[in-house]
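Visitor: Next input, structure requested:
(2 chains)
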Amino acid sequence: MGTDQASQHTFTVELNEPAAEGVYRMRIRSSVAHAMRPGQFMNLAVPGDASHVLRIPLSFSRIDSKGGSVELLYALVGEGTRRLSQMAVGDTSTVVGPCGNGWSLPSGEGRALLVAGGIGLPPILACARMLAQERIGFDVVVGARTGSMVVLPDSDEVLHYGGVQLPENGWEGGYDPDRIVTLTTDDGTLGSVPGKKMFATDGMADLLRRRSYAQVYTCGPTPMMAAVARIALDHDIPCQVSMERLMGCGFGACSCCNVALAKGGYALCCQDGPVFDARELAW
Amino acid sequence: MVSTVSMAVDLGGIKMRNPLNTASGTFGNGVQFEGFYDVGATLGAITCKGVAAEPWDGNPAPRLAELPSAIMNSVGLQNPGVEGFVERYGTYLAGLREKGCQVICQIAGHSLDEYRRATELFEELAPFASGFEVNISCPNIAAGGAAMGATPNAAAEVMSAVRPLTDRPVIVKMAPHDVAEIGRALEAAGADALSLINTIPGMAIDVHTRRSRVARPTAGVSGPAIHAIAVRMVWECAQAVRIPLCGIGGVASGTDAAEMILAGATAVSVGTANLYDPTCVPRILSELEQWAAEQGVSDINELIGAFEC
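Guide: Okay, here's the model as predicted:
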């Protein structure tokens, strides 16, 4: 998919509250909502400290393009995101977007498998909504380090894995009664298999034994995505990965967010990604 | 506000409708900013990303670290080569010229021969170029770059190699040291103008891993934190040469641009601010015009080097 032209929009904070340990959920009202596609990201300016010059690039989990609102989930990883978490309802700033390309629909027929790790969850939620809208069946693995860091979705969440009172065989729901949603935690404090220490890739391997898939989508820590991509490609399943980089601009001006390519050389995460075909990257 | 001050300047033969230019490597090749404002109708000139005769991959990731009021980058002049550059951006850049925005193409190289070959290719393939900027100051490449501009002799050698190959104006992008001495050598070697400063080499160490925060031990520091250093160097260089200067370094406001002009710059490039505040150029231009009007001049040229000490 081609890159859309980024422009600057104002935004107003509508909601900004803790969603899990070290994770915030934010809803903004902004005209940028009209231009965004699932998997793209936006670059937010956080006011109040001129010494932190760079914006904060964030993917979104949900968009209401008619109503003009965007929902973001972000981890508190540094001073910028800490200050973002202190923005109050009604505060305004600017956002640059849409940035990058988005997810592509599966090229073949069949179910899709979505694998999210940690704060890689938001673009996977956006991907799930995209697929649900297209009536494409999908299963999901959501991985986190520990139970307290699991983001519990809203009641109307497409994935509908909300809460811990769930069927033992996995968290199911949404529009598709066949959907399997597997939750894993590295330490086993919360998960579809109670008490079992599991990585997202373990959940993925389990689903691959039970079902066949036409497409894998993944976002999370780079080592996890590398493992997911390897498993997918071993099963001859195309895999789209959403990469993360520290970014200077977010729209192709500075060439600072390079991603190494399998054929040699580099692509830019902001302009050529953040979504890439896993086969194109050097892992 | 309709400006009553004439803003046009002449940067060594490059006739700019206003003093605002963009620092190479911070502005893509212009087209990335079209969603923010009309580039061709706004800027006096743009300076494109550095391009060598053949494509360069640039440096590994990570290439960027954020610092207080600054960033440091280690991009290493990733570029598609002159042919790839012209193929991708030639039509767009020709369109900028038609709108009255000058187009400065930046020449990169690892050796005298590479600078010559890139200049020859540009001369042949880039009729849209108003002039060239020779980059002898990139701190992020192993050979060439800053090494080529480290001494007056080495810098003059590059300029002398490029000079006979083009009749178009040639600007030299200088490293942030010995700017008076090296500036004089470049002027003698035939430079039409000088641009300064390039990023300042710096280091940022992750003390937990004991490794650099970027993929190389050192990288180039830019942004508001280096502005005062850049103004001082523009002033020192302006005392030493007669050719015009383009002031670069941490410019993020009309006041910053005005300081550069008072210190002796004919033109002013906006760099890092483009990345985090992509609509800043039109604002800086209007602030600069307002300042010139408040100074009571009819022509911005009256304010070049008008610093009083």
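Visitor: which residues sit in contact with residue A:263?
Guide: Contacts were defined as C-beta atoms under 8 Å, 6 or more residues apart in numbering or on different chains; by that measure residue A:263 touches residue A:280. All C-beta atoms are positioned from the backbone trio N, CA, C, and that covers glycine.
Visitor: Any figure for the gap between it and residue B:58?
Guide: Residue A:263 sits 15 Å away from residue B:58, going by C-beta to C-beta, to the nearest Å.
Visitor: in which helix or strand would I find residue B:90?
Guide: Assigned by DSSP states H and E, residue B:90 belongs to helix B:81-98.
Visitor: which helices and strands sit right next to that helix?
Guide: Under the contact criterion of 3 or more C-beta pairs under 8 Å, 6 or more residues apart in numbering or on different chains; DSSP states H and E, helix B:81-98 touches helix B:39-42, strand B:102-107, helix B:112-125.
Visitor: For the ones you listed, could you give me a markdown table that also reports mean neighbour count, distance to chain A and mean pLDDT?
Guide: Formatted as a markdown table, the helices and strands packed on helix B:81-98 follow (neighbours: other C-beta atoms under 10 Å in any protein chain shown; distance: least, C-beta to the nearest C-beta, whole Å; pLDDT from 0 to 100):
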| stretch | mean neighbour count | distance to chain A | mean pLDDT |
| --- | --- | --- | --- |
| helix B:39-42 | 18 | 12 | 98 |
| strand B:102-107 | 27 | 13 | 98 |
| helix B:112-125 | 19 | 18 | 96 |
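Visitor: Export these as a markdown table, with columns for distance to residue A:141.
Guide: Formatted as a markdown table, the helices and strands packed on helix B:81-98 follow (distance: least, C-beta to C-beta, whole Å):
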| stretch | distance to residue A:141 |
| --- | --- |
| helix B:39-42 | 44 |
| strand B:102-107 | 47 |
| helix B:112-125 | 50 |
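Visitor: quick one on the thing from earlier: need the CA coordinates for the helix holding residue B:90. CSV is fine.
Guide: Output of helix B:81-98 as CSV, limited to C-alpha atoms (Å, rounded to 0.1, in the frame of the first residue of the first chain):
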residue,chain,number,x,y,z
GLY,B,81,22.7,7.8,-6.2
VAL,B,82,22.3,10.7,-8.7
GLU,B,83,20.4,8.7,-11.3
GLY,B,84,18.0,7.2,-8.8
PHE,B,85,17.5,10.6,-7.2
VAL,B,86,16.8,12.4,-10.5
GLU,B,87,14.4,9.6,-11.5
ARG,B,88,12.4,9.8,-8.3
TYR,B,89,12.4,13.5,-7.6
GLY,B,90,13.4,15.3,-10.8
THR,B,91,9.9,16.1,-12.0
TYR,B,92,8.9,17.3,-8.5
LEU,B,93,12.0,19.5,-8.1
ALA,B,94,11.6,21.0,-11.6
GLY,B,95,8.1,22.0,-10.5
LEU,B,96,9.5,23.8,-7.4
ARG,B,97,11.7,25.8,-9.7
GLU,B,98,8.7,26.8,-11.8
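Visitor: Spell out which parts of the stretch 51-200 of chain B neighbour chain A.
Guide: Contacts of the stretch 51-200 of chain B with chain A, taken as C-beta under 8 Å from any C-beta of the partner chain, map to B:55, B:57-66, B:68-71, B:73, B:75, B:78.
Visitor: again, 7 Å this time
Guide: Residues of the stretch 51-200 of chain B lying close to chain A (C-beta under 7 Å from any C-beta of the partner chain) are B:57-58, B:61-64, B:66, B:68-69, B:71, B:73, B:75, B:78.
Visitor: need those in TSV with neighbour count and pLDDT, can you?
Guide: What follows is these, written out as TSV (neighbours: other C-beta atoms under 10 Å in any protein chain shown; pLDDT from 0 to 100):
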residue	neighbour count	pLDDT
B:57	15	95
B:58	20	95
B:61	18	95
B:62	19	96
B:63	27	97
B:64	24	97
B:66	21	96
B:68	11	96
B:69	18	97
B:71	26	97
B:73	26	97
B:75	26	94
B:78	20	93
